[in-house]
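Asker: fold the following and give me the result.
(one chain, ligands or ions: 1)
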Amino acid sequence: MAYDTDNIFAKILRGEIPSEKLYEDEDTYVFMDIMPRADGHCLVIPKTPCRNMLDATPAQLSACLNTVQKMGHAVMKAFDAEGVTVQQFNEAAGGQEVFHLHYHVLPRHEGVGLRPPGTMADFDVLKAQADKIRAALA
Ligand code: AMP
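Answerer: Numbering: from 1, shown residues only. Predicted structure coming up:
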């Protein structure tokens, strides 16, 4: 399947729609998920185009996973979490909704389940949570 340059994460990378940015380096960009399934739920994406893991290059995968590890430590520190869940979906049948490779990074606490998908965040709360993660990264 071809890469759609009008997918929502491509628009975020081009600055055409806003995002609550947490971190970027030469190869990756990280921002808050607007429908968080846990406090601190963020998304790691490559800056270059690919639909998902299936068409990604080794360099894209490697850059993303380095940043996923960095963000895992940051969200655990920011939310005093005991663990971190990383999710990544491929194609619609695999649960993917946005067709630009992304990794979900979710801080976790013992005995606390993920919230159901699809509830929009309060943007003031999201920004406050993002501030905590940015502070943990500093
Ligand atoms: P999936 O493709 O199933 O891994 O899910 C896409 C994820 O992107 C979902 O968790 C959405 O909440 C999230 N999402 C969709 N649009 C935006 C956006 N504009 N900014 C941040 N996160 C988004």
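
Asker: could you find the closest non-adjacent residue to Thr85?
Answerer: Nearest-residue entry for Thr85: Leu106, 4.4 Å, with adjacent residues in sequence omitted and distances by C-beta to C-beta, 6 or more residues apart in numbering. No exception for glycine: its C-beta is placed from N, CA and C like everyone else's.

Asker: and whichever strand or helix holds the one you found, what does it pack onto?
Answerer: Using DSSP states H and E, Leu106 falls within strand 103-108. Judged by 3 or more C-beta pairs under 8 Å, 6 or more residues apart in numbering; DSSP states H and E, strand 103-108 is in contact with strand 42-46, helix 58-78, strand 83-87.

Asker: deepest in the core, which of those is it.
Answerer: The highest average neighbour count among the helices and strands packed on strand 103-108, using mean count of other C-beta atoms under 10 Å, belongs to strand 42-46 at a mean of 25.

Asker: strand partners of that strand, parallel vs antiparallel please.
Answerer: strand 28-32 (antiparallel), strand 103-108 (antiparallel) (DSSP bridges).

Asker: tabulate the CA atom coordinates of that strand in CSV.
Answerer: Extracted as CSV, the C-alpha positions of strand 42-46 are listed here (Å, rounded to 0.1, in the frame of the first residue of the first chain):
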residue,chain,number,x,y,z
CYS,A,42,2.5,9.7,23.8
LEU,A,43,3.4,8.8,20.2
VAL,A,44,6.8,8.4,18.6
ILE,A,45,7.0,8.8,14.8
PRO,A,46,9.8,8.9,12.2
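
Asker: touching that strand from outside, list them.
Answerer: 9, 13, 22, 27-33, 56, 60, 63-64, 67-68, 71, 75, 100-105, 133 (C-beta atoms under 8 Å, 6 or more residues apart in numbering).

Asker: next up, the contacts around Pro36.
Answerer: Listed by C-beta under 8 Å, 6+ apart, the contact set of Pro36 reads 115, 121, 126, 129.

Asker: just checking, Glu24 touches Phe31?
Answerer: No. Taking contacts as C-beta atoms under 8 Å, Glu24 lies outside contact range of Phe31: 9.0 Å.

Asker: higher neighbour count, the two?
Answerer: The residue with more neighbours, out of Glu24 and Phe31, is Phe31; 21 against 14, by other C-beta atoms under 10 Å.
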